[in-house]
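S.K.: Got a predicted structure here, sequence first:
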Amino acid sequence: MPTASWRLQDAKNQFSKVVEAALHGEPQHVTRRGREVVVVVAADEYERLEKIQTAAMPSFADHLLTLPKDDGEFERIPFRSRKVQF
């Protein structure tokens with residue numbers, strides 16, 4: 001499906017067309033000085049993409065589970081003998 005590309009000034013002047021096309025499932029690319037700066041998509045499409053991104057991120061618990069385990073090789077320093085410098 002081809003996507004539309006609008007110059008910023010044109011997108012501002014015809015914003016209702018930009019929104020209408022986005023609501024019909026056509027992402028609308030907006031350029032400024034010849035460089036793409038934003039893409040307008042329908043809110044439900046944005047929410048769908050957010051859910052995909054969130055699902056792909058590991059949870060904090062997953063992150064903790066990837067940390068190295070203490071297999072007894074770490075040097076143990078008694079808490080009271082630690083020198084703390086402030």
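M.R.: Everything's here; your move. Residues are numbered from 1 along each chain as shown.
S.K.: So for the residue nearest to residue 66 when sequence neighbours are not counted, what pLDDT did the model give?
M.R.: Counting by Cβ to Cβ, 6 or more residues apart in numbering, residue 66 lies nearest to residue 58, which is 7.9 Å off, once chain neighbours are set aside. For every residue, glycine as well, the C-beta is placed using N, CA and C. Here the pLDDT value assigned to residue 58 is 83.
S.K.: quick one: which helix or strand includes residue 58?
M.R.: Using DSSP states H and E, residue 58 sits within no helix or strand.
S.K.: what about it, distance to residue 64?
M.R.: According to Cβ to Cβ, to the nearest Å, residue 58 stands 10 Å off from residue 64.
S.K.: same thing with residue 53?
M.R.: Per Cβ to Cβ, residue 53 is found 21 Å from residue 64.
S.K.: and what of residue 51?
M.R.: Per Cβ to Cβ, residue 51 is found 24 Å from residue 64.
S.K.: Which residue ranges of this protein form strands?
M.R.: For the chain, applying DSSP state E gives strands covering 4-7, 28-32, 35-40.
S.K.: what's the distance between the spatially most central residue of the chain and residue 76?
M.R.: Most central in the chain under Cα atoms, centre = their mean is residue 53, positioned 6.4 Å from the mean C-alpha point. As defined by Cβ to Cβ, residue 53 lies at a distance of 41 Å from residue 76.
S.K.: Thanks again, I'm all set now.
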